[in-house]
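> The following block contains a protein sequence and its predicted model.
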Amino acid sequence: MSGKPSVVIVSSSSTKPKSLIKLITKCADIQEDPLDSNRITHTWTIDTKYYSAEVDVIGITEQYERSQTFNDNVEALVIHIDTNKESGLKDLDTWTSLQEECDPEIKLLIANYCTSETKTTKAAATEWCLKHGFELIELYPGSQICDQDIIEEKIGVERVIEALQTHTWTNLNMKNQENDVNKKNDSVVELCEEFLTSEAVDDFSDLFAQLNMMKESLQSLPMNQRKQCAEQVVTAFWRAIGGDEEEIADV
């Protein structure tokens, strides 16, 4: 595959792909291609806790002949449907060849809203999605009552973004979680050393109070660093009772 992976956004409604790109990427400045009025390409950096990936978000207004490279790069397809039209599902046929030729892993059918009262009902849209391998997402769903004992799921555009973020993009760069943990642990050790060697710690009550606050952070350290802090604790207690640090230097 050459080029960046892409998210292709199309519409079978009056909503323009450019508006959907703005909504999903949260970028207001989307530039149109002066050489191609049927296509908009916006580079979007997907940045999560675990990885980052740079993808092309491509808005297409009309079908046109696409290269095999273009088709291969499409890893997600988003289609907007007008559920206020009885022909809403039929209108999706416009993009059948795009679905089949690109065959992306992520396929989302989005609507402003979809209920039992819309001309294209939620039941009908859900049936279409099951048949074609799409997920149905309402951008502006009505209020939903959630059981407090159940983890609340994301809805609307946040669910669209979540679906795109959970995809394993071919060019993703994993973040070094181990380095982040090491930096955090080093900071805890430094805090421990700073406190336990401080002249301010001169009595037991102060020592116990401070150690109690640091207990949770210390438990997250690996064994060797916990031992390092433990040595500092022993030294601090010895100093608090008036002992000479040289007396326990070899302990």
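Structure's in. What do you need?
> Pop the domain breakdown of the protein in here.
Under the assignment automatic domain parsing, the domains of the chain span 6-174, 177-248.
> Where among those domains is average confidence lowest?
Note on the domains of the chain: lowest mean pLDDT is at domain 177-248, with a mean of 59.
> Alpha carbons of the helix or strand where Ala123 lies, as CSV, please.
Taking DSSP states H and E as the criterion, Ala123 maps to helix 122-132. Extracted C-alpha coordinates of helix 122-132, given in CSV (Å, rounded to 0.1, in the frame of the first residue of the first chain):
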residue,chain,number,x,y,z
LYS,A,122,-34.7,2.3,12.7
ALA,A,123,-35.7,-1.3,12.3
ALA,A,124,-35.3,-1.1,8.5
ALA,A,125,-31.9,0.7,8.8
THR,A,126,-30.7,-1.8,11.3
GLU,A,127,-31.7,-4.7,9.1
TRP,A,128,-29.8,-3.1,6.2
CYS,A,129,-26.7,-2.6,8.4
LEU,A,130,-26.7,-6.3,9.5
LYS,A,131,-27.0,-7.4,5.9
HIS,A,132,-24.1,-5.2,4.7
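> Mind giving me the packing neighbours of that helix?
helix 88-91, strand 106-111, strand 135-138 (3 or more CB pairs under 8 Å, 6 or more residues apart in numbering; DSSP states H and E). Just so you know, the C-beta spots here come from the backbone N, C-alpha and C atoms, and that holds for glycine as well.
> Just name the most buried of these.
strand 106-111 (a mean of 22; mean count of other CB atoms under 10 Å).
> Leu20 reaches Ile9, doesn't it?
Yes: between Leu20 and Ile9 a contact is recorded at 5.0 Å, counting by CB atoms under 8 Å.
> higher neighbour count, those two?
Using other CB atoms under 10 Å, the more surrounded residue of Leu20 and Ile9 is Ile9, with 28 against 24.
> Provide the secondary structure category for the more buried one.
Assigned with DSSP: H, G, I helix; E, B strand; the rest coil, Ile9 falls in the strand class.
> So it is in contact with Ile24, correct?
Yes: using CB under 8 Å, Ile9 is in contact with Ile24, at 7.5 Å.
> shared neighbours of those two, which are they?
57, 78 (CB atoms under 8 Å, 6 or more residues apart in numbering).
> can you count the residues close to Thr61?
The number of residues packed near Thr61 is 15, by other CB under 10 Å.
> What sits closest to it if chain neighbours are left out?
With sequence-adjacent residues excluded and distances taken as CB to CB, 6 or more residues apart in numbering, Thr61 is closest to Asn38, at 5.0 Å.
> For Glu153, see how far away the one you found is.
35 Å (CB to CB, to the nearest Å).
> do Leu89 as well
Distance of Leu89 to Glu153, given as CB to CB: 25 Å.
> Could you do Tyr51 as well?
Here Tyr51 is placed at a distance of 22 Å from Glu153 (CB to CB).
> what's next to stretch 121-135, contact-wise?
Stretch 121-135 has contacts (CB under 8 Å, 6+ apart) with 79, 81, 83, 88-89, 92, 99, 107-109, 111, 114-116, 136, 163.
> Now the two most distant members of the residues you listed.
Gln99 and Ser116 (26.4 Å; CB to CB).
> Those two: which has the busier surroundings?
The residue with more neighbours, out of Gln99 and Ser116, is Gln99; 19 against 8, by other CB under 10 Å.
> What sits closest to that one if chain neighbours are left out?
Leu77 (6.5 Å).
> Ser11 too?
His80 is the one closest to Ser11 (CB to CB, 6+ apart), at 4.1 Å.
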